[in-house]
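Q: coordinates only, sequence not included:
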């Protein structure tokens, strides 16, 4: 009949057996209990997570003896591991697909080594760093850290995540007065991590813990205004500072960003002299990979001319004294840009304090101010979006300050 023929075929193709692996001695002086799969005369082994001495092991039965203190527990694990291996072999045979002993072991590892949430975070962060995606790695590390704080350091399984877990996690942020904007990032990151876990078969394909968790609350959030007026921009530009000083450089970075369509600090740090062609700045945004061509206004050219005298070291050298050739790795670049950015933002806060500007001044204020002043000048959002290199106008809207009451009052007078 069919089944006996199939069983005979499986028996001829592979062997699944549990053995005491006496070639290895563990720290407890015992030997690991291993599941062995032989296919095409090639054996592969995987530990079941238990050990035994030869005296407590029944070699013929492939089971622990009654005297073994964990006999019943080990027998249950052995039966499960052996059944999983044979099921995988049967599925391959029914589909008339070839397989190797190594494939069987890998499948068993995925099923039995239930990777915890924190361990998968660590694995994903490691991969991002190896791919030089340091910024993304930092986002995942920050999310893991927030989860560790929420869990008081206790690791957990993906199966522990459900709508109730997510709501409690969100509440832990709200109790600390964290804004919805800030809550959205770790929530989105955790959801993305779960999707990666699905791809690697760490969780089931139908696992949907976010199914009953709503992201609607994060839509249409009014972002805190970060723009300053055109008058304040002019005051910053005219502020007397010692050339070459830290505050002088920080003010230059702020003004260059404003005059170059709100170029962000990360992109500015990477600019090289070869990126300037015919009084235009040609660069690719790191965040969106979009190529931008910016006509350099006279104030921006004046800033560049200053650094041409103090920082030029060939066409492939950096324009600004943020990075240099010593920053050769992605991690070194990330560390350096983070350090300089903190210093620049501290300098800008000092400048704002001395000028009596009440807003918290950072490099991002230059980008927001550019967008808002353009809007107040009558530029359509579509033009502002294109000039800033945004992927869509919705992103641009986040940057745009609301029109002040004086502007709305002026428009309202048009009905008279």
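A: Cool, the structure landed. Please read all numbers here as calculations on a predicted model, not as lab measurements.

Q: sec struct for the residue nearest to residue 173 when sequence neighbours are not counted, please.
A: Leaving out its chain neighbours, the residue that sits closest to residue 173 by C-beta to C-beta, 6 or more residues apart in numbering is residue 183, at 4.6 Å. Yep, even glycine has a C-beta here, placed from its N, CA and C like the rest. Assigned with DSSP: H, G, I helix; E, B strand; the rest coil, residue 183 falls in the helix class.

Q: per-residue confidence at residue 183?
A: pLDDT, the model's per-residue confidence, is 92 for residue 183.

Q: how far away is it from residue 153?
A: Distance of residue 183 to residue 153, computed by C-beta to C-beta, to the nearest Å: 21 Å.

Q: sorry, back to before: mind listing what the residue nearest to residue 173 touches?
A: For residue 183, the contact set (C-beta atoms under 8 Å, 6 or more residues apart in numbering) comprises 170, 173, 174, 218.

Q: Looking at those residues, which is nearest residue 190?
A: residue 170 (10.9 Å; C-beta to C-beta).

Q: Leaving out chain neighbours, which residue sits closest to the closest one?
A: The nearest residue in space to residue 170 (C-beta to C-beta, 6+ apart) is residue 183, at 6.0 Å.

Q: Give me the buried positions along the host helix or strand of residue 305.
A: Assessed by DSSP states H and E, residue 305 sits inside helix 298-311. Residues 300, 303, 304, 307, 311 are the ones in helix 298-311 that count as buried (16 or more other C-beta atoms under 10 Å).

Q: before we move on, what about stretch 135-149?
A: Here stretch 135-149 shows 136, 137, 139, 140, 141, 143, 144, 146, 147 as buried, counting by 16+ other C-beta under 10 Å.

Q: which SS class is the first one?
A: Classification of residue 136 using three-state DSSP returns helix.

Q: same thing with residue 155?
A: Strictly by three-state DSSP, residue 155 counts as coil.

Q: and the gap between it and residue 107?
A: For residue 155, the distance to residue 107 - C-beta to C-beta - is 24 Å.

Q: Tell me which two in the buried residues of stretch 135-149 are the farthest apart.
A: Pairwise over the buried residues of stretch 135-149, using C-beta to C-beta, the maximum falls at 136 and 147, 16.8 Å.

Q: any idea how far residue 132 lies from residue 37?
A: 38 Å.

Q: Of these two, which one has the most company?
A: Set side by side, residue 132 and residue 37 show more neighbours around residue 37, with 25 against 14, by other C-beta atoms under 10 Å.

Q: Tell me if I am right that residue 357 is in a helix.
A: No: the assignment for residue 357, made by three-state DSSP, is coil rather than a helix.

Q: Quick check: it touching residue 234?
A: No: Residue 357 is beyond contact range of residue 234, at 11.6 Å (criterion: C-beta atoms under 8 Å).

Q: all strands for the stretch 51-200 of the chain, in order.
A: Under the criterion DSSP state E, counting those that start in this stretch, the stretch 51-200 of the chain contains strands at 57-58, 63-64.

Q: try the stretch 201-350 of the chain
A: 276-277, 280-284, 291-295.

Q: Of the ones you listed, which is nearest residue 328?
A: Judging those by C-beta to C-beta, what sits closest to residue 328 is strand 280-284, at 20.2 Å.

Q: related to what we said a few turns ago, out of the buried residues of helix 298-311, who's nearest residue 329?
A: residue 311 (21.8 Å).

Q: can you tell me which residues contact the closest one?
A: Contacts for residue 311 (C-beta under 8 Å, 6+ apart) come out as 317, 318, 319, 320, 321.

Q: Quick check, pLDDT for it.
A: Value for residue 311, per-residue pLDDT: 92.

Q: next one: residue 358
A: 89.

Q: Neighbour count for residue 155 and residue 107, which is higher?
A: Neighbours per residue (other C-beta under 10 Å) separate residue 155 from residue 107, with residue 107 holding more: 19 against 13.

Q: which residues does that one contact?
A: Contacts of residue 107 (C-beta under 8 Å, 6+ apart): 84, 88.

Q: What of residue 304?
A: Contacts of residue 304 (C-beta under 8 Å, 6+ apart): 256, 276, 296, 319.

Q: Considering those, which is situated nearest to residue 47?
A: Nearest member of the contacts of residue 304 to residue 47, counting by C-beta to C-beta, is residue 319, at 56.2 Å.
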